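Engineer: The following comprises the amino acid sequence and a computationally predicted model.
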Amino acid sequence: MEQPPSPPPRTILGKYQLTRFLGRGNFAKVYQAHSLLDGATVAVKAIDKSKTVDAAMEPRIVREIDAMRRLQHHPNILKIHEVLATKTKIYLIVDFAGGGDLCSKPPRRGRLPESLARRYFAQLVSALRFCHRHGVAHRDLKPQNLLLDAGGDLKVSDFGLSALPEHLQDGLLHTACGTPAYTAPEILRRVGYDGSKADAWSCGVILYVLLAGHLPFDDSNIPAMCRRISRRDFQFPPWISRAARSLIYQLLDPNPKTRIKLENVFDNAWFKNKNSARVNAEESVFESDLYNKCCDGYKLGMNAFDIISMSSGLDLRGLFETTSDKGRRWEKRFTSDKSVEAVEAKVKEVGLNLGFRVEVGKNGAIGLGKGKVALVVEVFEIVPQLLLVAVKVVDGGVEFEDLHWDDWRIGLQDVVLSWHHNHDNLVTLSH
């Protein structure tokens, strides 16, 4: 299909100038754009709420944003920088992957040399292990969703079918989704499945495609293809090495209980070569406790997705709220130009002075209790020198507002830049 002509230069909310049409995704038009703030090249996914966001597409948009929000600190996962929203449009600002996807990578006789396939596959596995440690299963892995940046590094994208921890039932997933040729047999059988094991199967198909130049299970008759998948009915071309065959065979195990786990892939003989030291060094960054603690998101910068529902003019709450948001009884938010430490110290001071018990959670949130009233205060850095502070009453909201709120408002005034009153027509936050 012929691509439409590039749009005339136009800007999005004074921040990004569209320069080239890139294509259409599952629920968005995608453009290359130029940042008017720092000159960076980015990709913009433009979603028309009135035409695109219906009951079927809404969960996919929510999943993609939530998953990318949780996973954005891994170098091989496409980073989402910011969300811009108006009453009719939602713009997702993401990394620009100038190298296209793995399908567009010029092959040698329809396949990649093992050294290059190993590099891409190592980056894919590293990214997915990071996803799984944070409770996210991708569920739609295929070369079209694996992008390359200008430096030739892989970026996992398109989390619209991903599963988050809250989607588990009895520890398993139950939704059948994905692209049949890359989908694990347990999903095709429509039984409960482990998302990380299903992703491992898809990785086996991808590695086969990179090395062979074609699919292992390829049949225009979908039921016949599903039968071949369940029987592990495929053949290796002669040029694939014995070590690579062994790894693919272990990944394409129809029994998820005996299928190799992605966390064990780097111990496979195929990676025991001169590049293994570099691969292991890269992996060690994501193994460290410090990195995993940082990636919980606290104090790394609050995302627009966390606070976009603040704008009543946008009416985006149904799209971006989580279950916990919908259950919130009472909440006040304010911005501050003080340091995180200063705001936290002030919250504790006010709480103690007003007779509240004070506890600090593992993620830095401050819990306070007095009688039947319980509240949580969270401090987020929006951009440097600008904080968002959320005061959430989880129990006794009416009592807190009637008896305590005025004292809290007066006590916090030294660190408050402004209280939020939900009158904005635009929510736009950067990291």
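Structural biologist: Looks like it arrived, so ask away.
Engineer: ok, Phe121 - how many residues close by?
Structural biologist: Phe121 has 25 neighbouring residues, counting by other CB atoms under 10 Å. Backbone N, C-alpha and C define where each C-beta goes, glycine included.
Engineer: Surely it and Ile206 touch.
Structural biologist: Yes - if you go by CB atoms under 8 Å, Phe121 and Ile206 touch, sitting 7.4 Å apart.
Engineer: And Glu378, how far from His134?
Structural biologist: Note on Glu378: its distance to His134, by CB to CB, to the nearest Å, is 19 Å.
Engineer: what's the answer for His404, then?
Structural biologist: Between His404 and His134 the distance is 36 Å, computed by CB to CB.
Engineer: okay, those two: which has more neighbours?
Structural biologist: His404 (21 against 18).
Engineer: doesn't that one fall inside a helix?
Structural biologist: Yes - the assignment for His404 is a helix, going by DSSP: H, G, I helix; E, B strand; the rest coil.
Engineer: Not counting sequence-adjacent ones, nearest residue to the residue nearest the centre of the chain?
Structural biologist: In the chain, the residue lying closest to the centroid (CA atoms, centre = their mean) is Met68, at 1.7 Å. Spatial nearest neighbour of Met68, chain neighbours left out: Ile80 (4.3 Å); criterion: CB to CB, 6 or more residues apart in numbering.
Engineer: Please work out how many residues are found near the one you found.
Structural biologist: By other CB under 10 Å, 24 other residues sit near Ile80.
Engineer: what's around Ser246, how many residues?
Structural biologist: 14.
Engineer: what's near enough to touch it?
Structural biologist: Asn268, Ala269, Trp270 (CB atoms under 8 Å, 6 or more residues apart in numbering).
Engineer: so where does it fall, helix or strand?
Structural biologist: Element membership for Ser246 (DSSP states H and E) is helix 242-251.
Engineer: buried residues in that helix?
Structural biologist: Neighbour-count burial for helix 242-251 flags Ala244, Leu247, Ile248, Gln250, Leu251 (criterion: 16 or more other CB atoms under 10 Å).
Engineer: now do stretch 335-342
Structural biologist: Applying 16+ other CB under 10 Å to stretch 335-342 flags Ser336, Lys338, Val340 as buried.
Engineer: Look up phi and psi at the residue nearest to the second one when sequence neighbours are not counted.
Structural biologist: For Lys338, ignoring the flanking residues on the chain, the nearest one in space by CB to CB, 6+ apart is Val415 at 4.8 Å. Geometry field for Val415 lists phi and psi as phi -110, psi 0, criterion degrees, to the nearest 10.
Engineer: Val415 against Glu344, yeah?
Structural biologist: No - here Val415 does not reach Glu344: they are 9.6 Å apart, not a contact under CB under 8 Å.
Engineer: all helices of the stretch 301-431 of the chain, in order?
Structural biologist: 304-307, 317-320, 323-326, 340-353, 397-399, 405-411 (DSSP state H, counting those that start in this stretch).
Engineer: Let me know the average pLDDT across the last one.
Structural biologist: This means helix 405-411. Mean pLDDT, helix 405-411: 91.
Engineer: now the third one
Structural biologist: Taken as a whole, helix 323-326 has an average pLDDT of 39.
Engineer: The shortest one too?
Structural biologist: Looking at helix 397-399 alone, the average pLDDT works out to 84.
Engineer: on contacts alone, who are the packing partners of it?
Structural biologist: Counting contacts by 3 or more CB pairs under 8 Å, 6 or more residues apart in numbering; DSSP states H and E, helix 397-399 packs against no other helix or strand.
Engineer: Stretch 141-161: how far from the chain's middle?
Structural biologist: 13 Å (CA atoms, centre = their mean, to the nearest Å).
Engineer: Tell me how the protein divides into domains.
Structural biologist: Split into domains by automatic domain parsing, the chain comes to 10-95, 102-294, 328-421.
Engineer: now do the same end-to-end measure for stretch 92-100.
Structural biologist: Distance across stretch 92-100, first residue to last, is 18 Å (CA to CA, to the nearest Å).
Engineer: Let me see the residues that make contact with it.
Structural biologist: Here stretch 92-100 has contacts from 16, 28, 32-33, 41-45, 47, 64-65, 68, 78-84, 105, 147-150, 152, 155, 157, using CB under 8 Å, 6+ apart.
Engineer: Recalculate using a threshold of 7 Å.
Structural biologist: With CB atoms under 7 Å, 6 or more residues apart in numbering as the test, stretch 92-100 has contacts from 16, 32, 41-45, 78-84, 147-150, 152, 155.
Engineer: in the one helix or strand Val62 maps to, what counts as buried?
Structural biologist: Using DSSP H and E, Val62 sits in helix 58-71. For helix 58-71, burial by neighbour count (16+ other CB under 10 Å) applies to 58, 60-71.
Engineer: now the helix ranked longest in the chain and helix 58-71, what's the angle there?
Structural biologist: For the chain, the helix that runs over the most residues, judged by DSSP state H, is helix 114-133. Helix 114-133 and helix 58-71 are oriented at 100 degrees to each other (axes from the mean of the first three to the mean of the last three CA atoms, to 10 degrees).
Engineer: Run through who's touching helix 114-133.
Structural biologist: Contacts for helix 114-133 (CB under 7 Å, 6+ apart): 71, 74, 76-77, 102, 138, 146, 153-154, 156, 196, 199, 203, 206-207, 210-211, 241, 244, 262-263, 265, 270, 275, 279, 282-283, 286.
Engineer: Now that helix - C-alpha only, PDB.
Structural biologist: Presented in PDB, the C-alpha positions along helix 114-133 are these (Å, rounded to 0.1, in the frame of the first residue of the first chain):
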ATOM      1  CA  GLU A 114      24.800 -16.300  13.600                       C
ATOM      2  CA  SER A 115      27.000 -13.600  15.100                       C
ATOM      3  CA  LEU A 116      24.500 -10.800  14.300                       C
ATOM      4  CA  ALA A 117      21.500 -13.000  15.300                       C
ATOM      5  CA  ARG A 118      23.200 -13.800  18.600                       C
ATOM      6  CA  ARG A 119      23.600 -10.000  19.300                       C
ATOM      7  CA  TYR A 120      19.900  -9.300  18.600                       C
ATOM      8  CA  PHE A 121      18.800 -12.300  20.500                       C
ATOM      9  CA  ALA A 122      20.900 -11.500  23.500                       C
ATOM     10  CA  GLN A 123      19.300  -8.000  23.600                       C
ATOM     11  CA  LEU A 124      15.800  -9.500  23.200                       C
ATOM     12  CA  VAL A 125      16.300 -12.000  26.000                       C
ATOM     13  CA  SER A 126      17.800  -9.300  28.300                       C
ATOM     14  CA  ALA A 127      14.800  -7.100  27.700                       C
ATOM     15  CA  LEU A 128      12.300  -9.900  28.300                       C
ATOM     16  CA  ARG A 129      13.900 -11.100  31.500                       C
ATOM     17  CA  PHE A 130      13.600  -7.500  32.700                       C
ATOM     18  CA  CYS A 131       9.900  -7.500  31.700                       C
ATOM     19  CA  HIS A 132       9.200 -10.700  33.500                       C
ATOM     20  CA  ARG A 133      11.000  -9.600  36.700                       C
END
